[in-house]
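Peer 1: Quick one, fold the following:
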Amino acid sequence: DITENVALIENLEETKRVSDDITKKSAAAKITQANIQTTSNKYKSVAERSSQLFFLMNDLSKIHSYYVYSLQAFTMVFYRGIDLVSTTPQKIVSEQVTATEEEDDTKTENTGEEGKIP
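Peer 2: Next up is the predicted model:
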């Protein structure tokens, strides 16, 4: 009779305990993964805009040697963007980024038309 096999029953109980433990850890890992994804998404727009800014500022030196910027200038802008995301609610940051993108696009268009930096 299976119910009288003590070693089998103990082994099944241990397997069930391990399975329950894995299920709990899996649920916690999913929550952590969602938190990481949310945080990553907050910084994604900052990274994209910083990358654009880096290459834009780097290419300005092709116009005139006066427009040469240091790596410190790039990192300062990047860290400022990170600070804005860290301290400002996401909705406000999204509105600020949209407004800044529109302003930057306008400045870029004006720069191309006028041949000078605004």
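Peer 1: which residues of the protein score low on pLDDT?
Peer 2: Applying pLDDT under 70 to the chain flags the ranges 86-118.
Peer 1: what helices or strands is the helix of greatest length in it leaning on?
Peer 2: In terms of residue count, the longest helix belonging to the chain (DSSP state H) is helix 6-63. Here helix 6-63 touches helix 71-87, helix 90-114, going by 3 or more C-beta pairs under 8 Å, 6 or more residues apart in numbering; DSSP states H and E. Where C-beta positions appear, they are placed from N, C-alpha and C, glycine not excepted.
Peer 1: could you give the angle of the first one to helix 6-63?
Peer 2: Taking axes from the mean of the first three to the mean of the last three C-alpha atoms, to 10 degrees, one finds that helix 71-87 is oriented at 130 degrees with respect to helix 6-63.
Peer 1: Check which helices and strands helix 71-87 sits against.
Peer 2: Judged by 3+ C-beta pairs under 8 Å, 6+ apart, helix 71-87 is in contact with helix 6-63, helix 90-114.
Peer 1: pull the CA atoms of it into PDB?
Peer 2: Taking C-alpha atoms only, helix 71-87 is exported to PDB below (Å, rounded to 0.1, in the frame of the first residue of the first chain):
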ATOM      1  CA  LEU A  71      32.800  65.300 -22.400                       C
ATOM      2  CA  GLN A  72      32.100  67.100 -19.100                       C
ATOM      3  CA  ALA A  73      29.500  69.200 -20.900                       C
ATOM      4  CA  PHE A  74      27.800  66.100 -22.300                       C
ATOM      5  CA  THR A  75      27.800  64.300 -18.900                       C
ATOM      6  CA  MET A  76      26.400  67.400 -17.200                       C
ATOM      7  CA  VAL A  77      23.400  67.500 -19.500                       C
ATOM      8  CA  PHE A  78      22.900  63.700 -19.200                       C
ATOM      9  CA  TYR A  79      23.000  63.800 -15.400                       C
ATOM     10  CA  ARG A  80      20.600  66.700 -15.300                       C
ATOM     11  CA  GLY A  81      18.200  64.700 -17.300                       C
ATOM     12  CA  ILE A  82      18.500  61.700 -14.900                       C
ATOM     13  CA  ASP A  83      17.900  64.000 -12.000                       C
ATOM     14  CA  LEU A  84      14.800  65.300 -13.600                       C
ATOM     15  CA  VAL A  85      13.400  61.800 -14.100                       C
ATOM     16  CA  SER A  86      14.400  60.800 -10.600                       C
ATOM     17  CA  THR A  87      12.700  63.700  -8.800                       C
END
